[in-house]
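S.K.: what would the 3D arrangement of this be:
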Amino acid sequence: MTQLLSNPSLTRRRAVTLMGTAAAGLALTACTESEAQTASGSVDFDKLVETAPLEDKWIGPEDAKVTIVEYASATCPHCATFHNQVFGEIKEKYVDTGKIRFTHREFPFDNLALAAFMLARCAPNDGYYPMLSVLYQRQRAWARSDNPKQALFDIAKLSGMDQQTFESCLRDQTLVDGINAVRNAGAQD
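M.R.: Model (predicted):
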């Protein structure tokens, strides 16, 4: 902690964010295996991690002592801040070292976020998390664009998607229904 606070390049906001993340991690480790605590009460842990309406994109070992299920919207500025400023450190220190198992669940606030998540799901070569990273890093550009479809296509091309694959992905009603089911389950349960 002392090293964290004595780093001159570390802003006060970043330090508070990291301490909050650490506190959240400690709170998660204090939960029993059968339930996880939330701000609104408790959630049945087994029900939370059972297969969602769409296959979860897990990273980290299945036997990790801490499991994080994040619900986020691709157009949410706070979600982008988390992914751009905090998630990389969590992944490096805890997921990559086998201490945490993590999944990102789609909770689109609007149709633009839904389209972005669809493209992440369609990204070739297991490109879900790399696509999410680019979407969150460039959120201001595509989410506020006068032509968001073109802006999203420009991002999709980075993953190797061509125009036909892009259009096909955005017309996939099964994917629309699955992402909406994930969001609805997250809101209800």
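S.K.: can you name the residues bridging to the spatially most central residue of the chain?
M.R.: For the chain, His104 is the residue whose C-alpha lies nearest the centre (C-alpha atoms, centre = their mean; 3.6 Å). Going by DSSP bridges, His104 is paired in beta bridges with Glu70.
S.K.: wait, it sits on Glu70?
M.R.: Yes: using C-beta atoms under 8 Å, His104 is in contact with Glu70, at 5.2 Å. Where you see a C-beta, it was placed from the backbone N, CA and C, and this is true even at glycine.
S.K.: okay, now the residue lying closest to Glu106 once chain neighbours are set aside: neighbour count?
M.R.: In this structure, Glu106 finds its nearest non-sequential neighbour in Phe117, 4.2 Å apart by C-beta to C-beta, 6 or more residues apart in numbering. Around Phe117 there are 30 other residues, counting by other C-beta atoms under 10 Å.
S.K.: for Phe117, what are its contacts?
M.R.: Ala74, Glu106, Pro108, Ile179 (C-beta atoms under 8 Å, 6 or more residues apart in numbering).
S.K.: tell me, how many residues neighbour the second one?
M.R.: A total of 26 residues lie near Glu106 under the criterion other C-beta under 10 Å.
S.K.: and it, how far is that from Gly160?
M.R.: Here the criterion is C-beta to C-beta, to the nearest Å. By it, Glu106 lies 21 Å from Gly160.
S.K.: and the residue nearest to Glu106, what are its phi and psi?
M.R.: Phi and psi for Phe117, reported as degrees, to the nearest 10, are phi -70, psi -40.
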